[in-house]
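**Q** I need the structure of the sequence given here:
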Amino acid sequence: MPLYEYQCEKCGEVIEKHFKISDKPQTVREKCPSCETEETFNYIISSAAISYLGVNHAAKVPSDFKNRMDQIKKHYPQMQSTI
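**A** Presented below is the predicted three-dimensional model:
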């Protein structure tokens, strides 16, 4: 199952949750481990950790991954990219 990151609305603490792709909620409500209050955690977009064996890290990003990132940016224009 994929791992998703959620951020506390009150203090900004980031937690990780496992959900099936089809079941991923945009918000999660639970006790924050940092501020210890019952808070809403909003889904935050984070890049996947992908390793391409045999690919030089200085080389260009494989096109299928770049195309997927372009699709994500189109649907989430507020996302900041590091690639």
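
**Q** Show the contacting residues for residue 39.
**A** Taking Cβ atoms under 8 Å, 6 or more residues apart in numbering as the contact definition, residue 39 lies against 8-11, 29-32. In this view, the C-beta of every residue, glycine as well, is placed from N, C-alpha and C.

**Q** Neighbour-wise, which one of these leads?
**A** Counting neighbours by other Cβ atoms under 10 Å, the top entry in these is residue 8, with 20 neighbours.

**Q** So that one is in contact with residue 41, correct?
**A** Yes: using Cβ atoms under 8 Å, residue 8 is in contact with residue 41, at 5.6 Å.

**Q** got any residues that touch both of these two?
**A** Between them, residue 8 and residue 41 share the contacting residues 15, 32, judged by Cβ under 8 Å, 6+ apart.

**Q** now for the contacts of residue 39, which pair is the farthest apart?
**A** Across the contacts of residue 39, the two members that end up farthest from each other (Cβ to Cβ) are 11 and 29, 14.8 Å apart.

**Q** any chance you could map the helices in this structure?
**A** In the chain, the helices defined using DSSP state H lie at 63-75.

**Q** where does this structure dip in pLDDT?
**A** Of all residues in the chain, those with pLDDT under 70 make up the ranges 1, 46-66, 77-83.

**Q** switch to 90 and redo it
**A** In the predicted model of the chain, residues 1-5, 16-26, 37, 39, 43-83 satisfy pLDDT under 90.
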